[in-house]
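Engineer: here's my sequence, what's the structure:
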Amino acid sequence: MSIFYETSGNAKNKKDFDPFLIRKMNPNSAWANHSYNHFVLRHIFGNSPDPKEKIQAGKEIEIAERKMSFWERHHEFHLESALYYRQKYYRM
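Structural biologist: As a prediction, the model looks like this:
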């Protein structure tokens, strides 16, 4: 079971990832997406009565935080823009 991110180590798109495309990607939009996932996962972790779902959400929270940190290191990342994208696309 996964909510947003694959945690079993069998991610199907691992070999499809092209690190050269990172320069072309919008780090602010990507950060906003992972920030939204982080928000939802924290809600599930704090409110779900299902222990398995809470464990899974806890694992995925770590992944979301790692991905947000990755995009924060991108040379074109600007927190103000990322927050704008998060507000625009996810209303938060």
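
Engineer: quick one, what contacts the spatially closest residue to residue 42 that is not a sequence neighbour?
Structural biologist: Using CB to CB, 6 or more residues apart in numbering and skipping residues adjacent in sequence, the residue nearest residue 42 is residue 61, 6.3 Å away. Where you see a C-beta, it was placed from the backbone N, CA and C, and this is true even at glycine. Residue 61 is in contact with 38, 41, 42, 45, counting by CB atoms under 8 Å, 6 or more residues apart in numbering.

Engineer: check what pLDDT residue 18 gets.
Structural biologist: We have a pLDDT of 79 for residue 18.

Engineer: now residue 10
Structural biologist: At residue 10, pLDDT is 64.

Engineer: that older thread, of the contacts of residue 61, grab the buried ones for PyMOL.
Structural biologist: Remark: buried members of these, expressed as a PyMOL selection using 16 or more other CB atoms under 10 Å:
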select buried, resi 38+41+45
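
Engineer: low-confidence ranges in this protein?
Structural biologist: Low-confidence segments of the chain (pLDDT under 70): 10-16.

Engineer: closest to the centroid, which residue in the protein?
Structural biologist: residue 34 (2.5 Å; CA atoms, centre = their mean).

Engineer: name the surrounding residues that touch the one helix or strand that residue maps to.
Structural biologist: Taking DSSP states H and E as the definition, one finds residue 34 inside helix 27-47. Contacts to helix 27-47, defined as CB under 8 Å, 6+ apart, come from residues 3-5, 53-54, 57-58, 60-61, 64-65, 67-68, 71-72, 74, 76-78, 81-86, 89-90, 92.
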